[in-house]
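> Curious how this folds, go ahead:
(one chain, ligands or ions: 1)
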Amino acid sequence: MTAGFCRLQGGLFLESKKADVGEGASQFQKDGGDNMAWADMFYPDPSIPETVRLATLEAVADGFPSHYTLPVGLPELRKEIAAHIEKKDGIKIDPGRNIVVTPGSDSGLLFAMMPFLDFGDEVLVPDPGYPNNFLNAELLGAHAIHVPTYPEDNYQIRMDEMEKRLTKKTKMMVITHPNNPTTVVYRKENLKKLAEFIVANDLILVCDQAFEDHIFDGIEFVSPCTLPGMWERTVTVCSLSKGYGLSGYRIAYLYADDKIMDVFYGSAVNVVGAPCTISTYGAIAALKDDTILPAYTEILERRRRVAYDILGNTPGVRMRMSESGILSWLDVGELGSSQEVAGYIAKHAKVLVNQGTPYGEQGENHIRIVTACFKKEQDAVRRFMRIKEALTQLAREKDIV
Ligand SMILES: Cc1ncc(COP(=O)(O)O)c(C=O)c1O
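You can find the predicted model right below:
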């Protein structure tokens with residue numbers, strides 16, 4: 001086995017560097033605990049949008065979904081995705097040429113990196129960041145080079161930290177934009193500098209935009225592929241999991257220019273096989289329904305505020321208002337290590353949250369909470385209150401209050 005894969009020995013069943021998977025989570029729930037560690041909107045409550053539910057049922061009744069779609073995805077789905085991209089990014093792309101549908105964006109991210117990396121190459125990844133973005137480089141025989149980002153900069157990427165880590169082996173940068181776990185959106189000015197750096201050093205950018213659909217406070221969202229010189233060197237990876245709350249459908253997509261896409265089209269059947277046909281019909285309905293995203297943005301905008309109001313003034317906790325999506329990122333360093341605090345919450349509040357450490361070196365002293373778990377706000381609030389009570393108790397034990 002290669003060194004990258006060996007590092008994951010134990011996979012789901014032992015302690016692993018992945019943030020939120022594992023038998024431990026299922027057992028915790030079986031024992032009556034709540035899981036707010038999976039980045040899965042409204043988990044564990046049933047929540048398929050009605051148009052999507054009906055389209056899925058209709059597709060099954062029709063009988064066709066026992067068959068494959070094309071390995072790159074059904075043309076009708078790619079057409080809807082192209083319309084969605086035009087609406088959000090203002091770019092017109094050819095659905096017959098520039099889009100590959102993947103079974104979720106986790107496999108899409110690995111696929112996006114594969115054609116570009118040789119053994120020993122280096123990949124720049126902002127830290128904190130999505131754990132898979134560090135791990136994927138290692139799985140492919142390359143090395144993830146952590147680029148620290150700091151709360152005092154609102155986690156924007158410092159160009160001097162990039163320059164310091166640039167070597168002859170640097171081939172790629174992978175960013176999650178908006179970021180998981182911090183929820184921060186990289187600002188246009190920051191992205192412009194990043195783009196200049198990437199073009200000047202002839203790098204490829206893989207941009208994970210899984211959380212792009214819900215941005216708050218009117219913050220401008222810019223897809224880096226739209227910046228000068230970037231279209232031909234960016235693979236953009238998106239998903240219906242987070243924005244549409246359809247993580248179980250496993251429908252995601254990547255897009256890039258013709259030259260890159262040639263390779264993805266050629267290898268799609270080898271790498272991803274084909275996306276799920278039943279889900280394809282649900283995804284088409286989701287993309288055609290203009291009411292889903294605005295309605296969810298409203299719910300999520302409120303949810304992050306409620307989470308902030310309850311948890312933000314807990315002794316020993318420093319929390320910022322989330323800029324996007326379904327997560328909250330808390331600095332709990334005054335109370336203990338990330339492992340200690342997450343463990344304390346699991347034991348005393350009976351809620352599973354994420355330790356910060358799988359998100360990189362900057363994740364120490366932090367925890368991540370998926371504040372958009374549970375459909376009903378009151379159900380989430382009850383868990384926020386339990387977490388707050390547990391942390392207040394911990395603060396007392398530490399003599400902070
Ligand atoms: C930042 C980020 N990207 C991608 C994914 C993968 O999501 P999916 O495979 O459901 O599209 C996740 C899942 O948690 C994520 O947090």
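
> And for the closest residue to residue 234 other than its chain neighbours, the neighbour number?
Leaving aside its chain neighbours, residue 234 sits nearest to residue 225 (4.0 Å; criterion: Cβ to Cβ, 6 or more residues apart in numbering). Where you see a C-beta, it was placed from the backbone N, CA and C, and this is true even at glycine. Residue 225 is flanked by 23 other residues according to other Cβ atoms under 10 Å.

> what does the one 10 residues further on give?
Residues within reach of residue 235, counting by other Cβ under 10 Å, total 27.

> Could you verify my assumption that it touches residue 208?
No. Using Cβ atoms under 8 Å, residue 235 is not in contact with residue 208; the gap is 9.6 Å.

> Show the contacting residues for residue 229.
Contact analysis of residue 229 by Cβ atoms under 8 Å, 6 or more residues apart in numbering lists 195, 199.

> got it, and residue 368?
Per Cβ under 8 Å, 6+ apart, neighbours of residue 368: 19, 37, 181, 327, 328, 329, 330, 353, 354, 356, 359.

> could you list every residue that touches the fifth one?
When the contact criterion is Cβ under 8 Å, 6+ apart, the partners of residue 328 are 183, 304, 307, 308, 311, 319, 322, 368, 369, 371.

> and the gap between the fourth one and the ligand?
I take that to be residue 308. For residue 308, the distance to the ligand equals 20 Å [Cβ to the nearest ligand atom, to the nearest Å].

> pLDDT wise, what is that residue at?
Each residue has a pLDDT score; the one for residue 308 is 98.

> Repeat that for residue 8.
72.

> so how many other residues sit close to it?
Using other Cβ under 10 Å, residue 8 has 16 neighbouring residues.

> Helix, strand or coil: sort out it for me.
With DSSP: H, G, I helix; E, B strand; the rest coil as the basis, residue 8 sits in coil.

> Pretty sure residue 134 is one of the things it touches, is it not?
No. Contact criterion Cβ under 8 Å: residue 8 and residue 134 do not qualify, at 11.9 Å.

> how far away is residue 132 from residue 79?
Residue 132 sits 29 Å away from residue 79, going by Cβ to Cβ, to the nearest Å.

> Quick check on the two: which one has the bigger neighbour count.
Shown here are residue 132 and residue 79; by other Cβ under 10 Å, residue 132 has more neighbours (21 against 15).

> what separates the helix or strand containing the more buried one from the chain centre, distance-wise?
Assigned by DSSP states H and E, residue 132 belongs to helix 131-139. Relative to the centre of its chain, helix 131-139 is centred 13 Å away, using Cα atoms, centre = their mean, to the nearest Å.

> Name the residues that touch it?
2-5, 7-8, 17-19, 106, 109-110, 113, 117, 122-123, 125, 127, 143-144, 146, 172, 174-176, 208, 358-360.

> Just the ones of those residues in helices?
3, 4, 5, 106, 109, 110, 113 (DSSP state H).

> which ones are touching the second one?
The one in question is residue 4. Taking Cβ under 8 Å, 6+ apart, we find residue 4 in contact with 135, 138, 139, 140, 141.

> repeat that for 10 Å
Residues in contact with residue 4 (Cβ atoms under 10 Å, 6 or more residues apart in numbering) are 119, 135, 136, 137, 138, 139, 140, 141, 142, 143.

> Can you select the buried ones among those for me in ChimeraX?
This is the ChimeraX syntax for the buried subset of those, where burial follows 16 or more other Cβ atoms under 10 Å:
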select :135,136,137,138,139,140,142,143
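
> Pick the one among the contacts of residue 4 closest to the ligand.
Nearest to the ligand among the contacts of residue 4 is residue 136, at 10.6 Å by Cβ to the nearest ligand atom.

> Regarding stretch 199-214, how distant is the last residue from the first?
29 Å (Cα to Cα, to the nearest Å).

> Now stretch 129-136 - C-alpha only, PDB.
Extracted C-alpha coordinates of stretch 129-136, given in PDB (Å, rounded to 0.1, in the frame of the first residue of the first chain):
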ATOM      1  CA  GLY A 129      -9.500  23.700   6.100                       C
ATOM      2  CA  TYR A 130     -11.600  20.800   5.100                       C
ATOM      3  CA  PRO A 131      -9.700  17.600   6.300                       C
ATOM      4  CA  ASN A 132     -10.100  15.900   2.900                       C
ATOM      5  CA  ASN A 133      -8.200  18.600   1.200                       C
ATOM      6  CA  PHE A 134      -5.100  17.800   3.200                       C
ATOM      7  CA  LEU A 135      -5.600  14.000   3.000                       C
ATOM      8  CA  ASN A 136      -6.400  13.800  -0.700                       C
END
